[in-house]
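Chemist: need a 3D model of the sequence below.
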Amino acid sequence: MSDATWHARIECGNEVGAGFLVSARRVLTCAHVVRCSDAAEVTVSFPGRRELGGVRASVAVHGGWRGGAADPGDLAVLELERDVPLAPAAFAPPGAEHGGELVAYGFPKGYDEGMLAAYRALPGPLISGEWVQLEALTAHGQPLAAGFSGAAVTRPDGSVVGMVSAVAGSREVRVGRMLPTEVMARYWSGLGELVPTAGHAADARRRLYTLVRRAQEEARAGLDPDRLYVDAVGPFGPPLPPGGFPSLERAAGYVQWEVPEAEAVTRFADRLEELLHGDETPARPEAAWSPIVVEIEHSGAGADQVTVEVSAYRDGHRRPVGARRLPRSGVRAYVQERIDEAFTQLSPDAEELLTFVLPREWLNEPVSRWECSPDDPTPLGCAYPLVVADRSRHRSGRLRHQLAKKWQKLDAGTTSLHRVECGTRERPLSLRKRLREHDAGLTAYGAPPTAVREHFEVAVNVPVPVLLWPRTGCPGAAHTGPCPGGTFLDELAESVTGVPPADLPRLVLTLRETAEAADEPERHWAHGLQLLWDDPRCFPEPTACLHSPVA
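Modeler: Residues are numbered from 1 along each chain as shown. Sure thing, here's the model as predicted:
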């Protein structure tokens with residue numbers, strides 16, 4: 001410990017705590033140590049190098065701590081007003097805190113030069129997923145007390161395993177809590193570059209975060225952290241966390257800390273570098289979808305009878321899987337079986353797209369909520385990209401030709417969202433004129449098709465390639481109070497901004513997963529999100545006429 005001059009003493013008003021230097025200009029400490037920073041100057045000093053004097057600092061990053069003893073995010077990153085000529089702290093790999101003596105360097109009352117406290121980390125799960133419990137090695141040494149908050153917790157070799165965040169309420173109770181490094185990294189992604197993690201070489205970590213910083217400095221648009229994460233982990237990796245990622249930094253840190261496969265970091269960095277080397281607003285290449293098509297139509301044999309045909313596309317060729325006439329009550333079970341069989345027709349690297357081609361009056365059917373199988377209750381729309389298509393449009397040579405021309409323009413980049421508000425007073429012919437004049441590629445409704453039927457049919461027939469709407473919610477008529485349709489359109493507009501239309505099936509999959517994972521799924525704005533997504537190039541062969549199969 002004698003050469004660990006990176007230990008820091010923090011003063012903020014009457015508050016005294018500890019911290020530790022992690023770069024020439026940055027110091028880590030607890031957020032509660034600098035809670036008075038808005039009204040008082042923060043001063044950082046280094047007891048091992050007193051000649052440096054006090055250095056003023058400001059809070060550069062706050063972990064989100066809200067003031068309660070059990071609130072998470074009790075971390076702050078201080079920016080010093082000048083560089084200090086000291087070697088920063090070195091970190092141990094995550095989990096290295098167990099199995100030996102740990103030492104903290106704090107500043108209890110009466111010891112401005114500092115004191116050492118020896119503790120050990122108790123084995124077991126993190127407390128509330130946030131803290132490691134510390135227990136004194138002896139009953140006679142220095143307890144963790146006020147002035148130790150923010151202190152680095154180190155192994156005998158001086159490497160840092162965490163930070164003291166809470167101390168015992170009395171001298172008789174010799175316990176405390178620390179934030180381990182992997183938890184600290186949740187609140188400051190800059191730790192990802194500094195902390196060694198299993199399977200990730202130092203140069204790979206540096207490259208990853210160098211690219212992330214470059215993206216931030218250049219303020220690049222169109223870099224979707226959720227999409228980068230999904231690309232990095234692949235179809236069998238950990239699912240996207242509920243709510244996705246608010247920034248590239250968070251996504252990169254999650255790949256480093258939470259994804260077991262080491263190559264995911266490299267793939268994330270490779271894809272990010274590819275986008276950064278592209279145009280100012282990089283567009284994702286057209287998706288090579290391999291559709292599984294479920295086509296449903298009236299059979300003509302009775303009001304309750306429908307004909308169902310399931311096909312799979314491989315290498316541009318349609319492969320029939322099964323067809324049958326059924327009562328509507330039997331459709332779901334039959335579709336589950338045939339979809340499972342259709343997957344055997346796809347190539348191993350295929351990116352599947354479930355497409356339900358439905359009669360227009362059935363486009364609001366909750367097919368995305370159908371279970372994957374009797375043994376797997378996961379909704380199909382939360383397991384795969386899933387879209388619906390209008391059957392009459394799907395079979396019209398004229399409309400297919402117009403749609404193909406529109407997709408050639410959409411491939412050039414993103415498109416603006418045309419909104420049809422709940423209870424709109426816009427005449428259908430006026431809407432048609434607006435959509436045609438703007439060559440609309442993406443239209444969203446604040447109410448389901450049953451509530452705005454004429455306006456909905458306008459967009460289907462223009463034709464607009466992509467339509468989105470909530471299956472339930474606002475009835476479309478005049479009402480008082482907050483409008484769920486308006487909320488849906490606002491949230492949707494924010495979500496689709498910058499997303500290439502070819503990527504919308506993936507985005508909607510993510511939104512459906514997020515809604516399903518919410519505490520109250522039915523209250524999430526994306527619950528019931530329906531996507532009509534129609535690119536004729538995904539179905540290069542003319543759709544064969546449905547025959548009249550024998551049940």
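Chemist: can you map out the strands along the stretch 201-350 of the chain?
Modeler: Here the stretch 201-350 of the chain has its strands, by DSSP state E, counting those that start in this stretch, at 289-298, 305-314, 317-327.
Chemist: ok, the residue at minimal distance from the centre of the chain to residue 233 distance?
Modeler: Central residue of the chain (CA atoms, centre = their mean): residue 244, 1.6 Å from the mean position. Distance, residue 244 to residue 233, using CB to CB, to the nearest Å: 13 Å. Every residue, glycine included, has its C-beta placed from N, CA and C.
Chemist: could you do residue 319 as well?
Modeler: Residue 319 is 29 Å from residue 233, by CB to CB.
Chemist: those two: which is more packed in?
Modeler: The neighbour count for residue 319 versus residue 233, taken as other CB atoms under 10 Å, is higher for residue 233 (22 against 14).
Chemist: list the contacts of the more buried one.
Modeler: If you count contacts by CB atoms under 8 Å, 6 or more residues apart in numbering, residue 233 has them with 255, 259, 261, 264.
Chemist: so how far is residue 143 from residue 488?
Modeler: To residue 143, residue 488 is 55 Å away according to CB to CB.
Chemist: my guess is residue 298 contacts residue 359, does it?
Modeler: Yes. Counting by CB atoms under 8 Å, residue 298 touches residue 359, with 6.6 Å between them.
Chemist: now the helices: where do they sit in the stretch 201-350 of the chain?
Modeler: In the stretch 201-350 of the chain, the segments counted as helices under DSSP state H, counting those that start in this stretch are 202-218, 225-233, 248-258, 263-276, 331-342.
Chemist: nearest to residue 75, of those?
Modeler: helix 248-258 (13.5 Å; CB to CB).
Chemist: can you list contacts of the closest one?
Modeler: Contacts of helix 248-258 (CB under 8 Å, 6+ apart): 94, 182, 185-186, 189, 191-192, 197, 200, 205, 208-209, 212, 215-216, 223, 225-226, 228-229, 232-233, 238, 241, 245, 264-265, 268, 272.
Chemist: try 7 Å
Modeler: When contacts are defined by CB atoms under 7 Å, 6 or more residues apart in numbering, helix 248-258 is touched by residues 182, 185, 189, 192, 197, 200, 205, 208-209, 212, 215-216, 223, 225, 228-229, 232, 238, 241, 245, 264-265, 268.
Chemist: can you select the buried ones from those in ChimeraX?
Modeler: Those of those that count as buried under 16 or more other CB atoms under 10 Å are selected in ChimeraX with:
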select :182,185,189,192,197,200,205,208,209,212,215,223,225,228,229,232,241,245,264,265,268
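Chemist: which of residue 488 and residue 143 has more residues huddled nearby?
Modeler: Between residue 488 and residue 143, counted using other CB under 10 Å, the more crowded position is residue 488 (25 against 21).
Chemist: and the contacts of residue 233, which of them are buried?
Modeler: 255, 259, 261, 264.
Chemist: so for those, which is the shakiest by pLDDT?
Modeler: Least confident entry in the buried ones among the contacts of residue 233, by pLDDT: residue 261, with 80.
Chemist: residues in contact with the residue lying closest to that one once chain neighbours are set aside?
Modeler: Nearest residue to residue 261, sequence neighbours excluded (CB to CB, 6 or more residues apart in numbering): residue 237, at 6.7 Å. For residue 237, the contact set (CB under 7 Å, 6+ apart) comprises 259, 261, 264.
Chemist: with distance to residue 176 as extra columns, can I get the residues you listed in JSON lines?
Modeler: Formatted as JSON lines, the contacts of residue 237 follow (distance: CB to CB, whole Å):
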{"residue": "259", "distance to residue 176": "31"}
{"residue": "261", "distance to residue 176": "35"}
{"residue": "264", "distance to residue 176": "35"}
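Chemist: so which bits of stretch 416-426 are buried?
Modeler: By neighbour count on 16+ other CB under 10 Å, the buried set for stretch 416-426 is 417, 418, 419, 420, 421, 422, 423, 424.
Chemist: again with stretch 140-151
Modeler: Neighbour counts over stretch 140-151 (16+ other CB under 10 Å) mark 142, 143, 144, 145, 147, 148, 149, 150, 151 as buried.
Chemist: what's the closest of those to residue 352?
Modeler: For these, the nearest to residue 352 is residue 150 (49.9 Å; CB to CB).
Chemist: looking at this, the closest one is in a helix?
Modeler: No. Counting by DSSP: H, G, I helix; E, B strand; the rest coil, residue 150 is located in no helix; its state is coil.
Chemist: now do the phi/psi pair for it.
Modeler: Phi and psi for residue 150, reported as degrees, to the nearest 10, are phi 90, psi 0.
Chemist: and the closest residue to it other than its chain neighbours, how far from residue 126?
Modeler: Using CB to CB, 6+ apart and skipping the chain neighbours, the partner closest in space to residue 150 is residue 29 (3.5 Å). Separation of residue 29 from residue 126 (CB to CB): 21 Å.
Chemist: the more surrounded of the two?
Modeler: Neighbour count, other CB under 10 Å: between residue 29 and residue 126, residue 29 has more, with 31 against 14.
Chemist: so what's the more buried one bridging to?
Modeler: On the basis of DSSP bridges, residue 29 is bridged to residue 76.
Chemist: surely it touches residue 15?
Modeler: No. Using CB atoms under 7 Å, residue 29 is not in contact with residue 15, being 10.4 Å away.
Chemist: and residue 49, that's in a helix?
Modeler: Yes. Assessed by three-state DSSP, residue 49 belongs to a helix.
Chemist: quick one: contacts for it?
Modeler: Going by CB under 7 Å, 6+ apart, residue 49 touches 5, 86.
Chemist: now do residue 115
Modeler: Here residue 115 is in contact with 106, 108, 142 (criterion: CB under 7 Å, 6+ apart).
Chemist: first-to-last residue distance for stretch 146-154?
Modeler: In stretch 146-154, first residue to last residue: 18 Å (CA to CA, to the nearest Å).
Chemist: pLDDT of that stretch, averaged?
Modeler: Per-residue pLDDT over stretch 146-154 has a mean of 92.
Chemist: need the strands of the stretch 201-350 of the chain in JSON lines with mean pLDDT, can you?
Modeler: JSON lines is the format used below for these (pLDDT from 0 to 100):
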{"stretch": "strand 289-298", "mean pLDDT": "90"}
{"stretch": "strand 305-314", "mean pLDDT": "88"}
{"stretch": "strand 317-327", "mean pLDDT": "85"}
